[in-house]
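Trainee: below are the sequence and a predicted model; questions follow.
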Amino acid sequence: MKEIYLDNGATTPPSSEVIQSILQVVKKDYGNPSSLHRKGMQAEEYIKQTSEEIAKWLKVTPKEVYYTSGGTESNNLAILGVANAYVRSGKHLITTQIEHPSVLEPFKKLEEQGYEVTYLPVNQQGYIDLETLKQAIRPDTILVSIMHINNEVGTIQPIDKIGSIIKKINPSTLFHVDAVQSFGKSIIYPKRWNIDLLSISGHKIHGPKGIGVLYIAKDIKIEPLVYGGGQQNGLRSGTENMIGIAGLYPAVKNAYENLKDHVSHMVQLKKYLVNELKAKVENISIHGPKLEEGAPHIINLGFKDIRGEVLLHALEDKKIYVSTGSACSSHKSTKSSTLQALGLSDEEILSSIRISFSPYTTREDIEICIAEMQQIIPLLRKFVPGGKK
Ligand SMILES: Cc1ncc(COP(=O)(O)O)c(C=O)c1O
C-alpha cells in the first residue's frame, strides 16, 4: 500500500538536496562559524549563502536575517523581544484570536506582566476586519502581530493593507508577521508591506526541523531571550545550528525558484479534491475561506456526523495521513480555538479534518484519498443514529 502524506501543514519531508547539504555539514564541513581558522570561515560561508538566498527572495539585506530554532522561537523572540525593548513607549499590543500558540502564549505571559493585549476577532472565513484593526491602534500600541496564512484553515490575511494601516495610524507601532505557513508558498515583501519582523520555519518547506528565521528590520530594537557568546549581533547567542542553516538553503532556493509551478499544482489538487469529494460524498463543508481564496496547500473540511479523529485513524489504516486541527498542539484534546473563533459549533469542530498538500503530492495520491474516503465515510456514518451517508 502506498503511503500518502497529506499533513504537510504539520511538517514536510526533507528533500534529497536538503539531506545532501546536511550530510556535508555533518561529515565534512563541521566547523564553528566563530572559529578564526579555515574551518570556521567555511562554516561562515554556509551562513552567508543561506542568508543571501533568504534576503534575495524577501528583498531585504542578509544582515536582517537571524537564525532561531524554528517558528516557535522566532515568534517568541519577536513578541517578547519587542515588548521588553519598547516597554517605555507603551504597553499595548494587538494580535488576533486565530494565531498559533507560539504567538498566543507569549501574549498571555505579557498580560500576566501587566501589558494589555487586544485580540482581534475574525469572521466566518477567518479574516480580521480592517476597521476594527484601525480602531484598536492607539498611541501606546507598540506591536501588532498578525499571521499571514492560517495553519488550520488557510485564510490569507491582506498583510500589505494591514501594514499600511498600522503605519498610517501610528508610525512607531511595530508589525510582526508569522509567515511560517506562507514563506515558500507566497511572495512576501517585508519592506514594501511595512513588516518589521517576520517569522519563518525550515521544516514547513522541505527543510530540516529545528531551524527558523526571524527577519528583523534594521534599527528595530529587540531584547534577546538567550544570552551568552554574543553570536548573531548578540540577539541570539549560541553556536549557530549549522546543520539546519545548510539544509535550509536548498529548501528556500527550490521553494522560490519554482514558486509559481508549485502553487498552481497545489491549487489544482486542492480544487480537484474538494470538487470530487462534494460530488461523491454527502454533507461535506469547507471551514474557513472560499475554495478559490484560501492558501494553496491547506483545506479544512467538515464531515457531518463523523468525528474527525475517527476519520483520521480510518485513513491512517490505509496509510493516508491527515490531521485534525493543528498538529503542533493536536495531542492536547482542547477544541481548536481557531475554529471556535470562526464561529463553528462544537459539533462542527469535532467533525473537521485538515488536509495539507506539498508540491510533491501527486494527482494519484489525491485520487486514492478520494476513493478511500468514498468507502470509509458512509461506513462510519452507518454507526451514527440518524447519520446521513
Ligand atoms: C502558523 C505557525 N506558526 C508557528 C509554528 C511553529 O513552527 P515550528 O514548528 O517551527 O516551531 C507553526 C507550526 O505548525 C505554524 O503553523
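Mentor: Right, received. Where do you want to start?
Trainee: what's the first helix or strand after the helix or strand containing residue 273?
Mentor: Element membership of residue 273, judged by DSSP states H and E, is helix 259-280. For helix 259-280, the following helix or strand on the C-terminal side (DSSP H and E) is strand 284-287.
Trainee: mean confidence (pLDDT) on that following strand, please.
Mentor: Average pLDDT, strand 284-287: 96.
Trainee: so which bits of this structure are right by the ligand?
Mentor: Counting by Cβ under 6 Å from any ligand atom, the residues of the chain close to the ligand are 70-72, 75, 100, 102, 147, 151, 178, 180-181, 201, 212, 328. Every residue, glycine included, has its C-beta placed from N, CA and C.
Trainee: where's residue 200, which helix or strand?
Mentor: According to DSSP H and E, residue 200 maps onto strand 197-201.
Trainee: partner strands of the helix or strand following that strand and their direction?
Mentor: Going down the chain from strand 197-201, the next helix or strand is strand 212-216, by DSSP H and E. Paired strands of strand 212-216, with direction, are strand 65-68 (antiparallel), strand 197-201 (antiparallel) (DSSP bridges).
Trainee: contacting residues around the longest one?
Mentor: It stands for strand 197-201. If you take Cβ atoms under 8 Å, 6 or more residues apart in numbering as the criterion, strand 197-201 is touched by 54, 58, 70-71, 74-75, 78, 82, 174-180, 183, 188, 190, 211-217, 220.
Trainee: domains for the chain, by residue range?
Mentor: When the chain is parsed with automatic domain parsing, its domains come out as 4-12+259-382, 16-257.
Trainee: mean confidence (pLDDT) on the last one, please.
Mentor: With pLDDT averaged residue by residue, domain 16-257 scores 98.
Trainee: start and end of that domain, how far apart?
Mentor: 16 Å (Cα to Cα, to the nearest Å).
Trainee: from the protein, which residue is nearest to the ligand?
Mentor: Nearest residue of the chain to the ligand (Cβ to the nearest ligand atom) works out as residue 71 at 2.5 Å.
Trainee: that residue and residue 198, how far apart?
Mentor: Taking Cβ to Cβ, to the nearest Å as the measure, residue 71 falls 11 Å from residue 198.
Trainee: hey, where'd the strands end up in this protein?
Mentor: For the chain, applying DSSP state E gives strands covering 4-5, 65-68, 92-96, 116-120, 141-145, 174-178, 197-201, 212-216, 284-287, 298-303, 320-321, 352-356.
Trainee: out of the strands paired with strand 212-216, deepest packed?
Mentor: Mean neighbour count (mean count of other Cβ atoms under 10 Å) peaks for strand 197-201 among the strands paired with strand 212-216, with a mean of 29.
Trainee: how far off centre is that one?
Mentor: What separates the centre of strand 197-201 from the centre of its chain is 9 Å, taken as Cα atoms, centre = their mean, to the nearest Å.
Trainee: got the angle for it vs strand 141-145?
Mentor: Per axes from the mean of the first three to the mean of the last three Cα atoms, to 10 degrees, the angle that strand 197-201 makes with strand 141-145 is 30 degrees.
Trainee: for residue 91, give me its contacts.
Mentor: 114-116, 140, 142.
Trainee: I should have written residue 69 there, sorry.
Mentor: Counting by Cβ under 8 Å, 6+ apart, residue 69 makes contact with 210-212, 241.
Trainee: out of the strands paired with strand 212-216, which gets nearest to residue 161?
Mentor: When the strands paired with strand 212-216 are compared by Cβ to Cβ, strand 197-201 sits nearest residue 161, at 16.5 Å.
Trainee: could you export that closest one as CSV, CA atoms only?
Mentor: C-alpha atoms of strand 197-201 as CSV (Å, rounded to 0.1, in the frame of the first residue of the first chain):
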residue,chain,number,x,y,z
LEU,A,197,9.6,41.3,12.0
LEU,A,198,8.8,38.1,10.1
SER,A,199,8.9,34.5,11.4
ILE,A,200,9.9,31.6,9.2
SER,A,201,10.4,27.9,9.8
